[in-house]
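# Structural data only, the sequence is not supplied:
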């Protein structure tokens, strides 16, 4: 049994997850009058077995969604209208009615503190009202009549949850219907009495809120900088100006945003899709956070405002971007940890998406699974259970399954940091080409396509798309800078696919006297260039290109970038550069030298 935070307002976790199920073997017996003059609400009020429910419904306002604060109609008044409903009403004494009444008292106290809908007390008050309505009252009400099918039927309730109504067994959502009371016919529907409260089916989002094992995940999600309520002016109804000249809205509409959940692609509040969530419990949260946060070690400043024309950062030194490294690291790590934890079951190749055994077996045993934000988790235990699931059994939510892992078995280098191939057939990756004759130019080299007509068959190997970029040097120094995007503060293996100069027959050098091909040797250096100082923070010297083979050259076996360039504040882009240098000392007088590069490859070092 999972532990529940009894004290958290608005979530009835204790009552839901600890609720008991009642059963009955009685046959369903319809006991109703031929006609009724009372509405459902009037029958609930007048029936001595539902006094507590009537008290709760008379005080709970209808809310279209969690951000609706109009509070114009109670749920009792809703059931007094001409619309048709079916109500399964829990009888007095079969559930803890005082729990809900106390929550409504708390709501009223908070509303009394402030009428400003943007105030914290007002927001908490309406959240309490929404939870009482959504998780209790509307969990017992459905539109239309549900009496025609005597077999098992799925009923969609007013809170969008689906419950099973088994008429012949006198069961609603596994709770016994009081057969002695029968069907209490009303002018606008049917009323049934239940021998207990119908359990609320938590979705993944609800469960994270209610279960104290996830208090650290929930605290991260509800951080005021991440979870915000925004006023929707266009959807609100204007009233009149107040004494301060401010518009007072008679119907104010708000919507909720959450930077982490909105960006991850998993709609875990909804009931129309199924997901699997693999999240660290409180026992594993600190270990998980520390593991992921190592990727997000930020520097104190970053150069930015890159000029695509002049190929330089316009904002450096005194104008550099200053960041709160600790705060940004904390946010980025939690964002990565939580947003990468959801998997859509619609992507699983299983025959039946509703078969829990099939879905969970695939997720836990697949060679790899991809999260909704495209992070791939590989199974380091081929054929067996993926260690990321920590041997846990899932909790069944209304929109999927939740694995609460007590040990975080995810190596960030295997999941969050992916291989990055920089294809130089696309010129925008080239930051600067510079040599003695063309000091600081915007030249991006020459894009070359290999064809049967120009390909030297004496050179082994192949090039992706038969495309590469050629950078020609003068007799002086030449540097070529390549932009390295989306760099984490971790170790990378950095390689480049390079071509001999003679791959293209047009570039072969011949001795003017003998007519023989001149054997060329091209040697170059590589550096990692810092964004702010424009200086080298890592070097590789004297790398020699084969004259006979197109191949990959390891430039750095394991280079650790000292700072992270991912998740910088909105509007700011910065990056380090990989610099190729063809120096005067590496060139033979009288011979044209060049660098021929197909692509640069960055791979996380997986120790």
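Looks like it came in fine. All values reported here derive from a predicted model rather than from experimental measurement.
# pLDDT weak spots in this structure?
1-35, 148-150, 231-233, 235, 250-255, 433-443, 474-476, 584-592 (pLDDT under 70).
# Now do the spatially closest residue to residue 143 that is not a sequence neighbour: how many residues are near it, please.
Leaving aside its sequence neighbours, residue 143 sits nearest to residue 85 (Cβ to Cβ, 6 or more residues apart in numbering; 6.0 Å). To be clear about C-beta, it is placed using only N, CA and C from the backbone, and glycine gets the same treatment. Residue 85: 22 surrounding residues under other Cβ atoms under 10 Å.
# May I have the phi/psi pair for residue 85?
phi -140, psi 160 (degrees, to the nearest 10).
# Spit out the contact partners of residue 342.
Residues near residue 342 by Cβ atoms under 8 Å, 6 or more residues apart in numbering: 204, 264-266, 268, 275-277, 371-373.
# Over to residue 600?
Per Cβ under 8 Å, 6+ apart, neighbours of residue 600: 421-422, 424, 429, 482, 484, 494-497, 578.
# Now tabulate the contacts of residue 342 in TSV and tack on secondary structure.
Listed next are the contacts of residue 342 as TSV, based on DSSP: H, G, I helix; E, B strand; the rest coil:
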residue	secondary structure
204	helix
264	helix
265	coil
266	coil
268	coil
275	strand
276	strand
277	strand
371	coil
372	coil
373	coil
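# which of these count as buried?
For the contacts of residue 342, a neighbour count by 16 or more other Cβ atoms under 10 Å gives the buried set as 204, 264, 266, 268, 275-277, 371-373.
# measure stretch 142-162 end to end?
10 Å (Cα to Cα, to the nearest Å).
# And that stretch, how far out from the chain middle?
With Cα atoms, centre = their mean, to the nearest Å as the basis, stretch 142-162 stands 33 Å off its chain's centre.
# So what touches that stretch?
Under Cβ under 8 Å, 6+ apart, the answer for stretch 142-162 is 28, 83-86, 133-135, 138-141, 163-168, 183, 189-190, 200-201, 271, 398.
# one step back: is the residue nearest to residue 143 bridged to anything, and to what?
For residue 85, the beta-bridge partners under DSSP bridges are residue 143, residue 189.
# isn't it right next to residue 79, touching?
Yes. Assessed by Cβ atoms under 8 Å, residue 85 is found in contact with residue 79 at 6.1 Å.
# so what's in contact with these two at the same time?
40, 141, 188.
# And residue 167, how close does it get to residue 181?
14 Å (Cβ to Cβ, to the nearest Å).
# what pairs with the closest residue to residue 454 other than its chain neighbours across the strands?
Take residue 454 and drop its neighbours on the chain: the residue closest to it by Cβ to Cβ, 6+ apart is residue 504, 5.1 Å away. Beta bridges link residue 504 to residue 455 when assigned by DSSP bridges.
# OK, contacts around residue 504?
Going by Cβ under 8 Å, 6+ apart, residue 504 touches 448, 450, 454-456, 470.
# repeat for residue 572
Counting by Cβ under 8 Å, 6+ apart, residue 572 touches 302, 304, 321.
# let's go with 6 Å and repeat that
Counting by Cβ atoms under 6 Å, 6 or more residues apart in numbering, residue 572 makes contact with 304, 321.
# Just read off the phi/psi values of it.
The phi/psi pair for residue 572 (degrees, to the nearest 10) is phi -110, psi 130.
# now swap in residue 594 and tell me
Here is the backbone geometry of residue 594 (degrees, to the nearest 10): phi -150, psi 160.
# Look up how far residue 423 lies from it.
According to Cβ to Cβ, residue 594 and residue 423 sit 19 Å apart.
# quick one: which of the two has more around it?
residue 594 (20 against 17).
# follow-up on the earlier one: list only buried entries from the contacts of stretch 142-162.
Here, 16+ other Cβ under 10 Å leaves 28, 85-86, 133-135, 138-141, 163, 165-167, 183, 189-190, 200-201, 271, 398 buried among the contacts of stretch 142-162.
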